[in-house]
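[1] below are the sequence and a predicted model; questions follow.
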Amino acid sequence: MSAVPVPGIGSKPAVGAREEARHAFVAAARDRLGAALVGYHDSRDGAVCLITPASGYRAAAEFIRSQGIDRFDFLTCVDWPAHFTLTLQAYSFETKLVTRLSIRIPRDDFAVPTITDLWFLADWEEREVFDLFGLNFAGHPDLKRILNPETWVGHPLRKDYADHVDIKRPEYF
């Protein structure tokens, strides 16, 4: 007995369809985001990467969600000497298009709008970035530490973090 393929389950769109979706997505991004779209490029793994200023983060995230990008993959942050880079990745089940949105956040302004209303899975990811880097997500429904205790002082993945915990290790030898 041979297996009968089920449409949409385990099937990949044709390369032409994927490229068509990518081109349509980039054209729509240029049109809708305008000057807020600082740049875009294709990554080595095939994701379409959009770059906007921090002020355009929410509008760009709304645009991505409106294009049928329905699965939130991750949100991550990198601390650079002069700024933070916040990157979100999302995916379309229908077109298999992977998108990334990156913004630079100045070190003196740690607030960006939440995207938990667009993708509910962003909830814990935003809490993790808040806990480890100190970035505030305005409008987040429950922005509190997720990995460290509430009494923890500072944000341990920041370059300027100083650990004031004095751990006494026993003498083994």
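    Perfect, I can see it now. Numbering: from 1, shown residues only.

[2] could you use CA atoms for every contact and neighbour count after this?
    Will do.

[3] where are the low-confidence patches of the protein?
    In the predicted model of the chain, residues 1-15, 166-167, 173 satisfy pLDDT under 70.

[4] mind listing the strands in it by residue range?
    Along the chain, the stretches classed as strands by DSSP state E are 39-42, 48-53, 71-79, 83-91, 98-106, 111-113, 136-138.

[5] flag every buried residue along the third one.
    Applying a neighbour-count criterion of 16 or more other Cα atoms under 10 Å, one finds 71-73, 75, 77-79 buried in strand 71-79.

[6] same question, the fourth one
    For strand 83-91, the neighbour count (16+ other Cα under 10 Å) marks 83-84, 86-91 as buried.

[7] what helices and strands are in contact with it?
    Judged by 3 or more Cα pairs under 8 Å, 6 or more residues apart in numbering; DSSP states H and E, strand 83-91 is in contact with strand 71-79, strand 98-106.

[8] closest to residue 118 out of the ones you listed?
    strand 71-79 (9.1 Å; Cα to Cα).

[9] that closest one pairs with which strands?
    Looking at strand 71-79 with DSSP bridges, its partner strands are strand 83-91 (antiparallel).

[10] got the angle for the partner strand vs strand 98-106?
    Here strand 83-91 points in a direction 160 degrees away from that of strand 98-106 (axes from the mean of the first three to the mean of the last three Cα atoms, to 10 degrees).

[11] tell me the centre residue of this structure?
    Residue closest to the average C-alpha location in the chain (Cα atoms, centre = their mean): residue 88, at 1.3 Å.

[12] partners of that one in the sheet?
    Bridge pairing for residue 88 - DSSP bridges - gives residue 75, residue 101.

[13] shouldn't it be in contact with residue 114?
    No: between residue 88 and residue 114 there is no contact under Cα atoms under 8 Å: 11.8 Å.
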